[in-house]
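**Q** With the input below, show me the fold.
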Amino acid sequence: MRIIGRIALGLVAAFVVLVAVVVVRTFLAFTPGTATAAASVRVAPAVTVDVAGAAQRLSQAIQIPTVRHQDKAEDVDAEWTRLHALLATNYPAAHAAMTREELASRTLVYTWPGSDKTLAPIVLMAHQDVVPVTPGAEGDWKHPPFAGVIAEDAVWGRGAIDDKGSLIGIFEAIEALAKQGFQPKRTIMIVSGGDEEVIGQGARAAAALLKLRGITAEFVLDEGMAVINDNPITGSKVAIIGTAEKGYGTLRVTAKAAGGHSSAPPADSGGVVTLSKALVAIADDQFPLAFRGPGADMVKALAPTAPFVVRMAVANEWLFGGLLTKQAGATPAGAALLHTTIAPTMLKGSPKENVLPQDATAWINYRIAPGDTSATVMARAKSAVGDLPVTLAWNSPPNEPSPVSSTQSWGWQVVAATAGAVAGAPVAPSLVTAGTDSRFLTPVAKDVYRFQPVEFDLKDVAMIHGTNEHMTLKNLEKMVQFYARLVVTATQ
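**A** Alright, predicted model coming up:
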């Protein structure tokens, strides 16, 4: 009994020590302001914004349906001509201050020369094209999707957020600064892709142009993340800046078969069943969640302002790493930050209900997390299907995950400080789980960041590429304020 008592006493003592270590580490791990970096950066003061005028000009841009379709034959090139003319008409001071070049896919590159040629330029990005509205869904919109209606303190229509809101916000800012006679010390460039929504050639052409001219940008800023009012980690407003984005690839899985009449099916039921088995095998072999990379960096950055339990878990990752991973990945959106995702999206079989197909095909869309590659994705898929008689091939060359940009560099400090000042909120890095044009500029930039200064509740994100997309006038003003203050802060 004495031995048992000593063991119990030892366990109690060990537990007390463990609790003490956890508590002490929790209180010592964080200092106030950890989540809001770049306190030393002097952010330029607020500017006067003509919100009503900006709303009218955004409305006009939305009324030009620069829709990119998967079938290029459906695109109407004249709409890009109209949009380019609208920009020139509405922003004369900006166009007088900057040179304009047109590249592939109606992509525009503007340059506002800085007075100090030794300084690397900054690049602001916003694409011109928009996604289609689902046929038959037009009636679900409060206002017609390409009417640009201004109502309920917002501008309504396809592209209001993605991404004509950013495009107009940038030009409103440049126009206001140019009218004031502002001269940037550092060169400012605007890259406006014409085909971002179809992962086209425009941004690649812009990157090639910068490379040809030997230009390496100090930083690039594109769309991607935003200010979330009800961030689930802290329950309050946070400005989230993307420091990386996932890669993109679609795997084509094909099962060949003899085909024939459905009245005499083969014993193995043919290619459709084989394909189904392969799909289930691949989808069941999910990439494991891992508390690492920009997704984990967001949790760590916000921990100082989070509830005590979160602070304790982050400060003691050695003990609570598994719990952190489980909690952070509890929702599809959270899980997407912590691993490569697998999403079967399309199927093709027989053209007729009573005909056995000679081949059955499925397409699986992968969003590849930093740390994985298209090669590791392919290897995992091949391992999952084993000896099933299917072929695996990329539908088109995949895009690898982007490099992770610094959260210590001068570029981060400027972007983070300006974002925090305009949002009035702490700032945190994170991972963009979709794709942007900016990934093509990573070879010609020191850092690439992805952020729009718009405030959303989490539920509002569904309107992007969805129904009732709109830009509130409050967010439009924040757009203009952010870009104007960013340009001055980065070039003063």
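**Q** Now do the same for G214: helix, strand or coil?
**A** G214 falls in the coil class when you classify it by DSSP: H, G, I helix; E, B strand; the rest coil.
**Q** How many residues are close by it?
**A** Counted with other Cβ atoms under 10 Å, the neighbours of G214 add up to 7. No exception for glycine: its C-beta is placed from N, CA and C like everyone else's.
**Q** And D372, by the same measure?
**A** 20.
**Q** One more: E197?
**A** 24.
**Q** mind checking the SS state of it?
**A** Three-state call for E197 (three-state DSSP): helix.
**Q** wait, it sits on P132?
**A** No: counting by Cβ atoms under 8 Å, P132 is not a contact partner of E197; they are 9.0 Å apart.
**Q** Hmm, F440 is touching R204, no?
**A** Yes: using Cβ under 8 Å, F440 makes contact with R204 at a distance of 4.9 Å.
**Q** Comparing the two, which residue is more hemmed in?
**A** Neighbour totals were compared for F440 and R204, and F440 leads with 26 against 20 (other Cβ under 10 Å).
**Q** which residue packs closest to that one, ignoring adjacent ones?
**A** A203 (4.2 Å; Cβ to Cβ, 6 or more residues apart in numbering).
**Q** Run through the helices of the stretch 51-200 of the chain in chain order.
**A** 51-62, 77-90, 92-97, 164-179 (DSSP state H, counting those that start in this stretch).
**Q** Out of those, which one sits most buried?
**A** Ranked by mean neighbour count, the helices of the stretch 51-200 of the chain are led by helix 164-179 with a mean of 25 (mean count of other Cβ atoms under 10 Å).
**Q** Just the angle for that one relative to helix 51-62, thanks.
**A** With axes from the mean of the first three to the mean of the last three Cα atoms, to 10 degrees defining the directions, helix 164-179 sits at 130 degrees from helix 51-62.
**Q** Begin at 29, not 1, for the rest of this chat.
**A** Yes, from this point I'll number from 29; that puts the last item at helix 192-207.
**Q** Run the chain-centre distance for helix 192-207.
**A** When distances are taken as Cα atoms, centre = their mean, to the nearest Å, helix 192-207 is centred 22 Å away from the chain's centroid.
**Q** what's the average pLDDT for that helix?
**A** Averaged over helix 192-207, pLDDT sits at 98.
**Q** Distance of the nearest residue to A179 once chain neighbours are set aside relative to V183?
**A** Spatially, and ignoring its direct neighbours in sequence, A179 is nearest to H171 (6.5 Å; Cβ to Cβ, 6+ apart). The gap separating H171 from V183 is 10 Å, by Cβ to Cβ, to the nearest Å.
**Q** neighbour-wise, which of those two wins?
**A** Counted by other Cβ under 10 Å, H171 and V183 do not tie: V183 has more neighbours, with 31 against 17.
**Q** Looking at the helices of the stretch 79-228 of the chain, spot the one closest to V248.
**A** helix 192-207 (13.0 Å; Cβ to Cβ).
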